[in-house]
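Peer 1: 3D, please:
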Amino acid sequence: MSANVNLSGVGPADMCLPEVDKRLTEALDAALQQNDRDRRASVVQLVAANPTYLEGWAWLGALGRDTLDSYMAFRVGYHRGLDALRGNGWKGSGYVRWSHVPNRGFLKCLNGLAKTSRLIGDNAEADRCEQFLLQLDPSHSF
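Peer 2: Residues are numbered from 1 along each chain as shown. Next up, the predicted model:
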């Protein structure tokens with residue numbers, strides 16, 4: 001059995017998620033400026049009102065009350081990110097580069113999921129996430 005191999009150097013185009021509404025980024029910036037006591041609650045409110053906002057999920061993971069809380073937020077953000085990628089034409093292959101700012105929320109969630117998976121002892125999941133990050137953007141150091 002023989003298979004064709006593409007040697008042209010041309011593969012799938014880079015995936016670029018759409019720009020995020022500036023009002024969301026401004027609201028997140030304002031939430032992050034809150035005092036320590038109110039910061040997480042402000043981000044929770046923002047994410048609850050905008051559940052597809054990937055950068056919000058990444059920050060919710062970063063502000064988790066404990067490792068498992070962070071893990072859950074990163075996992076939800078990761079899956080929301082996959083939905084966003086697929087909804088914008090991504091077929092499961094091709095680069096999702098850090099250099100395109102709207103991709104960063106998804107990549108932060110995936111990176112956070114890798115790290116928190118390792119912390120809770122799910123090394124197989126951590127390995128998969130780390131490998132996926134390398135495949136999505138081999139030029140970026142996470």
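
Peer 1: Point out where this structure drops to low pLDDT.
Peer 2: 1-11 (pLDDT under 70).

Peer 1: Centre-most residue in it?
Peer 2: Nearest residue to the geometric centre of the chain (Cα atoms, centre = their mean): Phe106, 1.8 Å.

Peer 1: Verify the contact between that one and Val96 for me.
Peer 2: Yes: in this structure, Phe106 is within contact of Val96 by Cβ atoms under 8 Å, at 6.8 Å. (Glycine included, C-beta is placed from N, CA and C.)

Peer 1: Mutual contacts of those two, please.
Peer 2: Common neighbours of Phe106 and Val96, counting by Cβ atoms under 8 Å, 6 or more residues apart in numbering, are 17, 85.

Peer 1: and the longest helix for the chain?
Peer 2: Longest helix in the chain, counting residues (DSSP state H): helix 67-87.

Peer 1: what's that helix packed up against?
Peer 2: Here helix 67-87 touches helix 54-62, helix 104-119, going by 3 or more Cβ pairs under 8 Å, 6 or more residues apart in numbering; DSSP states H and E.

Peer 1: Kindly state which of the ones you listed is positioned closest to Asp14.
Peer 2: Of all those, it is helix 104-119 that lies closest to Asp14, at 12.8 Å by Cβ to Cβ.

Peer 1: Which helix or which strand is home to Ser42?
Peer 2: Secondary structure from DSSP states H and E places Ser42 in helix 36-49.
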